[in-house]
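1. Here is the input, now give the coordinates:
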Amino acid sequence: MPTPTAGRIAKLRERLDERGLGALLVSQPSNRRYLSGFTGSAGYLLISGSETLIATDFRYFEQAAAQAPDFRLQPIAGPSFEPWLPGLLGGLGGKKVGFEAAHLPYATFQQMSAVARALPEGERPRLVATTDVVEGLRAIKEPAEIDAIQAAVDLADAAFARFIERVEPDWTEKQAAWEIEKHMREHGGEAAAFETIVAAGPWSAMPHAYPRDEPLGEGRPIVIDMGVRLDGYCSDLTRTIVLGRPDGEFRRIYDIVLGAQLTAIELIRAGMTGEQAHLLAERFIAEANYGENFGHGLGHGVGLEVHEKPRLGRSSEDVLADGMVTSVEPGIYLSGWGGVRIEDLAVVEKGRLRILSRAPKFEQAKV
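-> This is a model prediction of the structure:
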C-alpha cells in the first residue's frame, strides 16, 4: 500500500524534471518530514527519478526505518561527509543535483562540493542552488493537512477561551503567556508553535513584543498572539482584549482593524497575488489615516511551520490558490498608547477564504 508521502514524491519528481534536475538534496527539517515522514532533527534526503534515500546518524536509525519505510537508509558516522556522501551521490554522474540554497549553510555546501569534486569525473554530479522546490508543493495543503491544522486551531481556540474565563488584571504578561501554553500542552499540544506574545498597554505597540513581569492592568489594550503545534502542524491566533472598560480610543482603533480584516476576508480571491491581498487591508487602514501604523504584511502561510508560503504582503508575487492556508492579521500600532491586531487562519476553498478560527473577535473581560 502506498505511504502518505508517495504522492508528494511523485509531484516532486515532476518538478525536478521541469527544472532539469536529476535529484534534490533535502536538508530543511520540515521539508524532510513532508517528503519522508521522518521527524528526527538531523539528516538529509536525496530524491532522484528512481531512488529515495535518507542519510542520518545512529541516533535515528530505528526512527528513520519506521517513519520513512520507502527510503533506503544511508548511515552517517561522524561530522565528515567523505565516508557517506559519495554513496548518496552514486549514479548521478553528469547530472544536476539541487540543494536547498536557503537552508544549507555555506560551510556545509563547501564541504559537500569538495567531496563531489573528488569523485571520478564520470561519477561527478553538479551541485545546483535551488529555492522553493519543496515549499511550493507544501503551500497547497492536502485535505488531511487541513484537518490537522484545524485540530491545532481548535486547541488554541479552547486555550484562549479558558484564558478569558480566568485572567485577572494583576496577572503578569509572563503568567498570562504561561497559562495559555500550559492549557495547550495539558490538552495534547506538542509545544507552543512560537513564543507566546502577551503585551499590555504601550508595550503592545511592538508587533513582536515579548512577555514581561509587568501586570496586565485595566482599561488598556492587551495583544495576545498564540499558537500550538499538534501532530506536527501549527496554528496562529491573535486577539486584542481589554480588562475592564475600554476607552473610546480603543474602540475606534479596534473597529478600524476589524473592518480591515473583514474586508480582506470578504474580498480575497484565488488568483490574487500576495501583494494584492495585502493591499485590501492596507488601503482600508490608510483611508482611516493610520496607514503608517500598519507596517507588516497582512499574512503568511501556516502548516508544518508557522511561517511558510504564501506571503501576503508588499512585493509578494505568491499567487493564492485553493488549498492554501494563510493568516489574515492586520494591525495598528501607536507608540506610547499600544496596539491592536486581530488574526485568524483561513483556507482558500472554491476561490474564497474559509475561516478556521472560532475564537470571539472581541473580549472585554470583567473585573
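2. where along the stretch 1-150 of the chain do the helices fall?
-> In the stretch 1-150 of the chain, the segments counted as helices under DSSP state H, counting those that start in this stretch are 6-18, 29-36, 61-67, 85-89, 106-117, 133-138, 143-166.
3. would you list those in CSV and tack on mean pLDDT?
-> Below are those laid out as CSV (pLDDT from 0 to 100):
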stretch, mean pLDDT
helix 6-18, 96
helix 29-36, 98
helix 61-67, 97
helix 85-89, 89
helix 106-117, 94
helix 133-138, 97
helix 143-166, 97
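4. Let me have these in a markdown table, adding distance to residue 246 and mean neighbour count as columns.
-> (Each C-beta comes from the backbone N, C-alpha and C, glycine too.) Rendered in a markdown table, the data for those read as follows (distance: least, CB to CB, whole Å; neighbours: other CB atoms under 10 Å):
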| stretch | distance to residue 246 | mean neighbour count |
| --- | --- | --- |
| helix 6-18 | 47 | 15 |
| helix 29-36 | 39 | 21 |
| helix 61-67 | 49 | 15 |
| helix 85-89 | 60 | 20 |
| helix 106-117 | 51 | 14 |
| helix 133-138 | 40 | 20 |
| helix 143-166 | 15 | 18 |
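5. Tabulate these (TSV), appending distance to residue 305.
-> Supplementary listing: those in TSV, determined by distance: least, CB to CB, whole Å:
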stretch	distance to residue 305
helix 6-18	16
helix 29-36	5
helix 61-67	19
helix 85-89	25
helix 106-117	21
helix 133-138	9
helix 143-166	12
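6. show me what contacts residue 320?
-> For residue 320, the contact set (CB atoms under 8 Å, 6 or more residues apart in numbering) comprises 268, 269, 270, 271, 272, 273, 274, 277, 310, 326, 348.
7. does the first one really touch residue 351, like I thought?
-> Right, residue 268. No: applying CB atoms under 8 Å as the test, residue 268 and residue 351 come out as separate, 9.5 Å apart.
8. Looking at these two, which one has more neighbours?
-> When neighbours are counted by other CB atoms under 10 Å, residue 268 and residue 351 differ, and residue 268 comes out ahead with 24 against 13.
9. which residues does the more buried one contact?
-> For residue 268, the contacting residues are 277, 280, 320, 328, 348, 352, 353, by CB under 8 Å, 6+ apart.
10. Look up how far residue 31 lies from it.
-> 27 Å (CB to CB, to the nearest Å).
11. and if you look at residue 224?
-> Distance from residue 224 to residue 31, counting by CB to CB: 31 Å.
12. hang on, the earlier thing: between the helices of the stretch 1-150 of the chain, which one is closest to residue 336.
-> The minimum distance between residue 336 and the helices of the stretch 1-150 of the chain falls on helix 143-166, with 26.7 Å, by CB to CB.
13. Which neighbouring elements make contact with that closest one?
-> With contacts taken as 3 or more CB pairs under 8 Å, 6 or more residues apart in numbering; DSSP states H and E, helix 143-166 sits against helix 173-186, strand 222-226, strand 228-230, strand 233-234, strand 237-243, strand 344-349.
14. Which residue comes closest to residue 111 once chain neighbours are left out?
-> Counting by CB to CB, 6 or more residues apart in numbering, the nearest residue to residue 111 once its immediate chain neighbours are dropped is residue 81, at 5.3 Å.
15. quick one, what contacts residue 277?
-> For residue 277, counting by CB under 8 Å, 6+ apart, the contacting residues are 264, 268, 298, 299, 312, 320.
16. Mind doing that once more with 7 Å?
-> Taking CB atoms under 7 Å, 6 or more residues apart in numbering as the criterion, residue 277 is in contact with 264, 268, 298, 312, 320.
17. Looking at those, which are in strands?
-> Taking DSSP state E as the definition of strands, these contribute residue 312.
18. got CSV for the contacts of residue 277, with distance to residue 110 and pLDDT too?
-> Formatted as CSV, those follow (distance: CB to CB, whole Å; pLDDT from 0 to 100):
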residue, distance to residue 110, pLDDT
264, 44, 98
268, 43, 98
298, 39, 98
312, 36, 98
320, 38, 98
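19. Look up how far residue 233 lies from the residue lying closest to residue 187 once chain neighbours are set aside.
-> Using CB to CB, 6+ apart and skipping the chain neighbours, the partner closest in space to residue 187 is residue 155 (6.0 Å). For residue 155, the distance to residue 233 equals 11 Å [CB to CB].
20. What of residue 271?
-> The gap separating residue 271 from residue 233 is 26 Å, by CB to CB.
21. what do you get for residue 188?
-> According to CB to CB, residue 188 and residue 233 sit 12 Å apart.
22. Show me which of those two is the more surrounded one.
-> Of the pair residue 188 and residue 233, residue 233 is the one with more neighbours under other CB under 10 Å, namely 26 against 12.
23. OK, contacts around the more buried one?
-> For residue 233, the set of contacting residues under the criterion of CB under 7 Å, 6+ apart consists of 145, 148, 149, 152, 303, 304.
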